[in-house]
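# the following comprises the amino acid sequence and a computationally predicted model.
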Amino acid sequence: MANSYFQFKQFRVEQDRCAMKVCTDSCLFGAYVDVETANSILDIGTGTGLLALMVAQRSSAKITAVELDFAAAEQATENFKASPWADRLTLYKGSLQDFERINKESYDIILSNPPFYQASQKSPDSGRNRAMHSTDLPFPDLLRFCQKFLKATGSLYLLLPPYEAQLIKNAAPTYQLFLRQELPVFTSETGKQIRSILHFQPQPIVSPEASSPIYIRTKNNQYTEAFQQLLQPYYLHI
């Protein structure tokens, strides 16, 4: 059973009411996103609030998070209030589609670890279904929103499994979003690819930047040097 909280160096994420707990690939994603110069950041599908908190630690930006699931939204709000950056963190409880109707802002950075299963068997746990399946947030809705509210000089970052990442890459140019970089994420130096971190921007790209894969663990099951460098500001024992 997962712990009821995850303790980082500068903040704690309570997670007992959230279907999706803190996981390694999400932590890697939050540490990788380039937010140092951003003034406005949007986290779509914040869950526990993990990504919003991670980017708050590394920026001075105003951060808005959107979460549909009521229990997760309540917990994320509490995690925000308990953090050192409570004055810069705001949560909208509701769907992205509803948020789109009221939103007046544009963003330097939009990031999301979106629900990705398109048509797989669902769990009896409705909260986990919402967190894992794209029924409530179809990829076209996500991309349309980003096309509308991402600044012309902004960046969109997504964390997805390889198959779903390819679907997004195929669809994104239709919404004037162009792949700048893709970072393949592997479980270990001998393991399989589990995720891709995708970086899009609204300006056309001649060719995406080459990016070496990142491996979470070595052959000896220790964190790799690259992983440690990214997570050192966050993980207690690195």
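Sure, I can see it. None of these values were measured; they are calculated from a predicted model. Residues are numbered from 1 along each chain as shown.

# who touches the longest helix belonging to the chain?
Longest helix in the chain by number of residues (criterion: DSSP state H): helix 70-82. The contact list for helix 70-82 (CB atoms under 8 Å, 6 or more residues apart in numbering) reads 11-20, 46-49, 52-53, 65, 67, 86, 89-91, 93, 127, 131. (Glycine included, C-beta is placed from N, CA and C.)

# drop anything exposed from those residues.
11, 13-15, 17-20, 46-49, 52-53, 65, 67, 89, 91, 93, 127, 131 (16 or more other CB atoms under 10 Å).

# buried residues of the longest helix of the chain, list them for me.
Buried residues in helix 70-82, counting neighbours by 16+ other CB under 10 Å, are found at 72-73, 75-77, 79-80.

# pLDDT and distance to Ile238 added to the residues you listed, as TSV?
Output for the buried residues of helix 70-82, formatted as TSV (pLDDT from 0 to 100; distance: CB to CB, whole Å):
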residue	pLDDT	distance to Ile238
Ala72	97	27
Ala73	98	30
Gln75	98	25
Ala76	98	25
Thr77	98	28
Asn79	99	21
Phe80	99	24
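
# show me the two of those residues that sit farthest apart.
Based on CB to CB, the longest span within the buried residues of helix 70-82 runs between Ala72 and Phe80 and measures 12.4 Å.

# quick one: the helices in the protein?
Going by DSSP H, the chain shows helices at 24-32, 50-57, 70-82, 96-102, 126-132, 139-149, 162-171, 225-231.

# for Ser211, which of those helices is the nearest?
Of the helices of the chain, the one closest to Ser211 (CB to CB) turns out to be helix 24-32, at 10.5 Å.

# neighbouring contacts of the closest one?
Here helix 24-32 has contacts from 50-51, 54-55, 111, 113, 157, 159, 183, 185, 194-195, 197, 214, 216, 227, 230-231, 233-235, using CB under 8 Å, 6+ apart.

# filter the residues you listed to the buried ones?
50-51, 54-55, 111, 113, 157, 159, 183, 185, 195, 197, 214, 216, 227, 230-231, 234-235.

# please pull out the lowest mean pLDDT helix or strand from the chain.
helix 126-132 (a mean of 45; mean pLDDT, DSSP states H and E).

# ok, Ile109 to Ser95 distance?
Distance, Ile109 to Ser95, using CB to CB, to the nearest Å: 21 Å.

# who's more crowded, those two?
Ile109 (24 against 16; other CB atoms under 10 Å).

# which stretch among the helices of the chain comes nearest Tyr5?
Across the helices of the chain, closest to Tyr5 is helix 70-82 (CB to CB), at 9.2 Å.

# tell me the contacts of Leu68?
45, 93-96, 130, 136-137.

# restricted to buried residues, select those in PyMOL.
The PyMOL selection below is limited to those of the contacts of Leu68 classed as buried (16+ other CB under 10 Å):
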select buried, resi 45+93+95+96+130+136+137
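
# between the contacts of Leu68, which is closest to Leu167?
Using CB to CB, those come closest to Leu167 at Leu137, 13.6 Å.

# got the contact list for the closest one?
So Leu137 contacts 44-45, 68, 95-96, 114-115 (CB under 8 Å, 6+ apart).

# try it again at 10 Å.
Contact analysis of Leu137 by CB atoms under 10 Å, 6 or more residues apart in numbering lists 44-45, 66, 68, 95-97, 112, 114-116, 130, 145.
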